[in-house]
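>>> Mind looking at a prediction? Sequence and model below.
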Amino acid sequence: MRTIDESRLEEALKGVSIPSCPAILTELLAELRKPQANGKRVAQLISQDVGLAAMVVKSANSPLFGSARQIASVADAIKLLGFSTVSNLVCEGLLRSTIGTQDASLERFWDSSVHTASVMAELAGRLGGAPRDTAYTFGLFRDCGIPLLVQRFPGYKKVLGTANEKTDQVFTAIEDEALSTNHAVLGYFLARSWGLTDVVSQGILCHHDYSLLEDPAGLDSASRSLIALNVLAEHIVSHYLRVRQDMEWIKAGERVAAYFGMPLADLEDLAEDLLYQLDERRNQES
């Protein structure tokens, strides 16, 4: 298990405030973790927040889910989408509203996070290593430290740009050198404080340490699988959104292929297949 010395918490945070978990998410996760979750109770919890309720209903009516009739309530949306999908939608909405900034340039960041989460869930279904809903949660939260650093450090975007361009240095090492902290550490603390599982929080802490794909060094196999799935998902989404050259794939692509016991060419074929599906989905929604 990978952890951070709690006695060094203040030093690791560098003055960044980790937002508390919204009460509605705490209650919702508690209900969903019950052996027999109560759909009526889940709908009541979501309906307490008008914005969340509207988002869930709107998502249920999108072409992506192909409902034959207009969905008008949260309860009907839950019946159509299922608990896991609704839980993911709620996490997305609360994460945006809780740590979102007024910086318009971060809209692409949120789009990338949601797409990465969705692709990770699909990859988990095909490649294994982690449950689909766990993969989705990881994809959504793995970079949540970035907007926190944008809020805290005026010059962070320059550091982020440098980290995105380097293939000869670990992403988080560049952040550490400039800021004495990094987005993976902050994401780890947020995941812990929001009650996410150890598998997810430890995976977030280590998600730029690709040496772990070859040597577990005490990290749970499910966390390692999340790291590998994330590299491939980011590779696909970077092409889909046409945001930048994917330097992390250059660093880790061969390690990811070896981790899943596949030739790199086969992994690239899988990426092309999912990229085609994303393009088809976009055409349906336009």
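Thanks, I have the structure now.

>>> helix, strand or coil for G129?
Of the three states, G129 takes coil under DSSP: H, G, I helix; E, B strand; the rest coil.

>>> I figured it hits N230, correct?
No: look at G129 against N230 with CB atoms under 8 Å: they stay out of range, at 11.0 Å. (Glycine included, C-beta is placed from N, CA and C.)

>>> For G39, give its distance to A60.
14 Å (CB to CB, to the nearest Å).

>>> Actually, W249.
As defined by CB to CB, W249 lies at a distance of 34 Å from A60.

>>> just for the stretch 151-286 of the chain, where's the confidence low?
Applying pLDDT under 70 to the stretch 151-286 of the chain picks out residues 244, 285-286.

>>> all helices of it, in order?
In the stretch 151-286 of the chain, the helices defined using DSSP state H, counting those that start in this stretch lie at 156-165, 171-179, 183-193, 198-205, 221-241, 247-259, 264-285.

>>> most packed of those helices?
helix 198-205 (a mean of 25; mean count of other CB atoms under 10 Å).

>>> If I take that helix and helix 221-241, what angle do their directions form?
Interaxial angle of helix 198-205 relative to helix 221-241 (axes from the mean of the first three to the mean of the last three CA atoms, to 10 degrees): 50 degrees.

>>> same for helix 198-205, what does it pack against?
If you count contacts as 3 or more CB pairs under 8 Å, 6 or more residues apart in numbering; DSSP states H and E, helix 198-205 packs onto helix 132-141, helix 183-193, helix 221-241.

>>> Now do the longest one against helix 132-141: the angle between them, please.
The reference is to helix 221-241. Taking the same axes, to 10 degrees, one finds helix 221-241 and helix 132-141 inclined to each other by 60 degrees.

>>> Look at the residue at the greatest distance from the centre of the chain and give its secondary structure.
Note on the chain: the largest C-alpha distance from the chain mean falls to R69, namely 30.5 Å (CA atoms, centre = their mean). With three-state DSSP as the basis, R69 sits in coil.

>>> before we move on, the earlier item: quick one, which of the helices of the stretch 151-286 of the chain gets closest to S211.
helix 247-259 (8.3 Å; CB to CB).
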